[in-house]
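*Asks:* Turn this into a model:
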Amino acid sequence: MRLLFIVSFLFFFVNIFGQDAPKTSKKSRIGATDIAVDVPAPYDYEVNRKYKGIQIESRYLTMRDGTQIAIDIYLPKNRKTGEKIPALIRQTRYWRSPQIRFPFSLMTNGLLGRMGEMIGAFVENGYAIINVDVRGSGASFGSRLHPWTEDEIKDGAEIIDWVIQQDWCSGNVGSLGVSYGGTTAEFLGTNKHPNLKAVVLMFSLFDVYEDNAFPGGIHNQWFTEGWGAANERMDANKLPVNHKKASLLVSGVSKVKTPQSKKLLREAVAGHAQNRNVHDGAMTVDCRDDAPLNGEIESIDIFSPHNYINALNESGTAVYSYSGWMDGAYQHSAVKRYLNLTNPNNKLILGSWEHGGAFNTSPFAPSLAGFDHVGELIKFFDYHLKDIQNGVNEEASVHYFTVGAEKWQASDSWPPKNAKPYTLYFSDNKKLTKKEPKTKEKTSAYTVDGTTGSGDVTRWKAVNGKVKTAYMYHDWNERTKKYLSYQSPILADNLEMTGHALVDLHMSFSESDGSVFVYLEDVDENGKVTYVTEGILRASHRKIREGIYKDVVPSPSHLRADYLALQPNEKVHLQMDLLPTSYLFKKGHKVRISIGGCDKDHFELLYPDGYEMHLHYGGDAVSKVVLPTYSK
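*Replies:* The predicted structure is shown next:
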């Protein structure tokens, strides 16, 4: 019975919204293709595992305005008196730890699953872990008008001030987190606190508008609605809906152990009633600089990390950007962050993972993740917080996994240097040709059906923690039949594409706007179609403007001033990038591009009853796709 309840709990809590640490057990890594053999170099952190057992404390810290913030402190149990160790701060809005119901609380200290494994490894390797309920969430007091408020960011600096005053702290502090927690770690760096030496930002966004809420200018309505509703329940100290089994084990957020713990928790939770639902704000936004909630917020850029990149650069903090190919659009987030940071100690890793890194999502070898996430994290922090010369500074700054080749590669830049453009042109008979068609302008018509969607096991569902399998886009071979598709000749040689595919489309729409979804696909010798990556753009958001931040692809501004209305049937030129990946198209396969006009499973339907769209090619309408390729 105990095992049944604990397993039920694990399915809920350690995976909730993909916010947990990636799975790392050695047993799960056997046979997985994403195991790192040479690059990045594996790290045997067990040799430094000199502690055994964990001492757990909880308390409230009082901030400058009197707000009390709940924290848990994890220390090595057998630490010698006077011994100093570095600290890692993890801030979350998804309960720093669960309150386990009696009698199950007699059987566990709450350190279960992947998060428990990660904390155990760090603490027994000589780190203090500080788990924090951010202001307005969990057992902490206060409220929040939006994510990552100015007060929440300032709280982080005060928490560091408290940490470095403790008799066990060496004075060196790091931070890490997944998703929301990754962004809190990024914002922590913007405080420019001299004791914050290094941060790992795992599976987290960089541009709130483009990377999650409005990719390509189209509202990711499924995400904001589900995320807002779940946060509302958790802020009221309730489990999200559909978690009845977990409720048998978990009663809510862990109380801070004080004589008035129950009373304080009730008061803290009551204050959360003032929190605003992020979905309500998103429903009042169209362009990047629109003011949500009837002007209560200037724009969503005020809580977007990209807006504070200069402060992070000035901090001197070493930043490790960490993501996966099926991590929503967050692999592009990691790339953009890396491109805009200047510290030579910064690193970037892009694996064949979903949001959270629990699975190796390669369609050629789906499995539990084999990569030793914990070893990679400890290696980075050992170098920056303990001054252990473990070779981190000698490794390439970028590591990425090539799907299909099933191997890790290294580079000193992103994208890797010496790419050769492989250009394919849209042409007659639904073909992609290597030569530009010398015909008069022609069109291909497509009727957008509002029932078309990309499914339930997708990169977008992963960001909300809804994907519990390595078999991403498993039903794509059938779904792609609903799109307008063009394919290349049979490949005479292997073709490795790494980076950002660029698509130029000349389109027209029967309505005054249109959504364009472009999918890059691999077609094998038997005609089976495999999803590779995708790009999204709303036609009215097609204006390209440089300068918001550095990127390696054309960047629509999404500003209200750059909104370009369409006339029905007006031909427009759309420049799009596809989300970055590294993929090997094998000899004998074909490259395919499929185009759709909606994704009802995730994104707002501009015209639920459907509409017509036309792809123009030939003549002056040069519609094409350019893949960055590498020969080995």
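*Asks:* for Ser485, what are its contacts?
*Replies:* Ser485 makes contact with Lys430, Glu521, Arg592, Ile593, Ser594, Ile595 under the criterion Cβ atoms under 8 Å, 6 or more residues apart in numbering. Using the backbone N, CA and C atoms, a C-beta is placed for each residue, glycine as well.
*Asks:* For the third one, give its distance to Lys84.
*Replies:* Translated: Arg592. Distance, Arg592 to Lys84, using Cβ to Cβ, to the nearest Å: 58 Å.
*Asks:* Please identify which of the two sits among more neighbours.
*Replies:* Of the pair Arg592 and Lys84, Arg592 is the one with more neighbours under other Cβ atoms under 10 Å, namely 23 against 14.
*Asks:* So what touches stretch 258-265?
*Replies:* Arg59, Tyr60, Gln68, Ala139, Asn237, Val253, Lys255, Val256.
*Asks:* One more pass at 6 Å, please.
*Replies:* Ala139, Lys255 (Cβ atoms under 6 Å, 6 or more residues apart in numbering).
*Asks:* Alpha carbons only: can I get that stretch in CSV?
*Replies:* Extracted in CSV, the C-alpha atoms of stretch 258-265 (Å, rounded to 0.1, in the frame of the first residue of the first chain):
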residue,chain,number,x,y,z
THR,A,258,7.2,27.0,13.6
PRO,A,259,4.9,26.9,16.7
GLN,A,260,2.3,28.7,14.6
SER,A,261,2.8,26.8,11.3
LYS,A,262,-0.8,26.1,10.5
LYS,A,263,-1.9,29.7,11.3
LEU,A,264,0.9,31.2,9.2
LEU,A,265,0.2,29.0,6.3
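*Asks:* next one: phi and psi at Glu158?
*Replies:* Torsion angles at Glu158 (phi, psi; degrees, to the nearest 10) stand at phi -70, psi -30.
*Asks:* Report how many residues lie close to it.
*Replies:* Using other Cβ under 10 Å, Glu158 has 16 other residues around it.
*Asks:* quick one: it and Leu75, what's the gap?
*Replies:* Distance, Glu158 to Leu75, using Cβ to Cβ: 20 Å.
*Asks:* now Glu225
*Replies:* Applying Cβ to Cβ to Glu225 and Leu75 gives a distance of 40 Å.
*Asks:* now Phe104
*Replies:* Distance, Phe104 to Leu75, by Cβ to Cβ: 24 Å.
*Asks:* Looking at those two now, which is surrounded by more residues?
*Replies:* Taking other Cβ under 10 Å, Phe104 and Leu75 do not tie; Leu75 has more neighbours (21 against 17).
*Asks:* On the three-state scheme, the residue nearest to that one when sequence neighbours are not counted is what?
*Replies:* Excluding its sequence neighbours, the residue lying closest to Leu75 (Cβ to Cβ, 6 or more residues apart in numbering) is Gln55, at 4.6 Å. What DSSP: H, G, I helix; E, B strand; the rest coil gives for Gln55 is strand.
*Asks:* Now do Gln55, the pLDDT please.
*Replies:* On the pLDDT scale, Gln55 is placed at 95.
*Asks:* for Val163, phi and psi?
*Replies:* Dihedral pair for Val163: phi -60, psi -50, per degrees, to the nearest 10.
*Asks:* Touching, it and Ala87? I think so.
*Replies:* Yes. Counting by Cβ atoms under 6 Å, Val163 touches Ala87, with 4.9 Å between them.
*Asks:* so what's in contact with these two at the same time?
*Replies:* Contacts common to Val163 and Ala87, judged by Cβ under 6 Å, 6+ apart, are Cys169.
*Asks:* Please identify which of the two sits among more neighbours.
*Replies:* Ala87 (26 against 22).
*Asks:* Just give the nearest non-adjacent residue to the more buried one, would you?
*Replies:* That would be Ala128: by Cβ to Cβ, 6+ apart, it lies 4.3 Å from Ala87.
*Asks:* Mind splitting the chain into its structural domains?
*Replies:* What automatic domain parsing lists as the domains of the chain is 18-46+57-70+136-230+256-411, 420-630.
*Asks:* Looking at these, which one is packed in the most?
*Replies:* Ranked by mean neighbour count under mean count of other Cβ atoms under 10 Å, these are led by domain 18-46+57-70+136-230+256-411, which reaches a mean of 21.
*Asks:* Can you check the distance spanned by stretch 37-56, start to finish?
*Replies:* End-to-end distance of stretch 37-56 (Cα to Cα, to the nearest Å): 35 Å.
*Asks:* quick one: low-confidence ranges for this structure?
*Replies:* Scanning the chain for pLDDT under 70 picks out the ranges 1-30, 632.
*Asks:* Tell me where the stretch 1-150 of the chain has helices.
*Replies:* 2-13, 26-29, 113-124, 150-164 (DSSP state H, counting those that start in this stretch).
*Asks:* actually the stretch 451-600 of the chain, not the one I wrote
*Replies:* For the stretch 451-600 of the chain, helices defined by DSSP H, counting those that start in this stretch occupy the ranges 459-463, 476-479.
*Asks:* closest one to Tyr630 among these?
*Replies:* With Cβ to Cβ as the criterion, Tyr630 lies closest to helix 459-463 of these, at 23.4 Å.
*Asks:* Please list the outside residues in contact with that closest one.
*Replies:* So helix 459-463 is contacted by Met326, Gly328, Glu354, His355, Val467, His602 (Cβ under 6 Å, 6+ apart).
*Asks:* give me phi/psi at the third one?
*Replies:* It stands for Glu354. Main-chain dihedrals, Glu354, degrees, to the nearest 10: phi -90, psi -170.
*Asks:* what sits opposite it in the beta ladder?
*Replies:* On the basis of DSSP bridges, Glu354 is bridged to Met326.
*Asks:* So it sits against Met326, correct?
*Replies:* Yes. Here Glu354 reaches Met326: they are 4.6 Å apart, a contact under Cβ under 6 Å.
*Asks:* related to what we said a few turns ago, distance to Tyr180 for the helices of the stretch 451-600 of the chain - can I get that in a markdown table?
*Replies:* Listed next are the helices of the stretch 451-600 of the chain as a markdown table, based on distance: least, Cβ to Cβ, whole Å:
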| stretch | distance to Tyr180 |
| --- | --- |
| helix 459-463 | 11 |
| helix 476-479 | 29 |
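*Asks:* Looking at those, which is nearest to Val448?
*Replies:* Evaluated over the helices of the stretch 451-600 of the chain, closeness to Val448 peaks at helix 476-479, with 14.8 Å, by Cβ to Cβ.
*Asks:* can you list the residues that contact that closest one?
*Replies:* Lys528, Val529, Tyr531.
*Asks:* my read: Arg276 touches Arg144, true?
*Replies:* No. The pair Arg276 and Arg144 does not pass the contact test of Cβ under 6 Å, sitting 7.3 Å apart.
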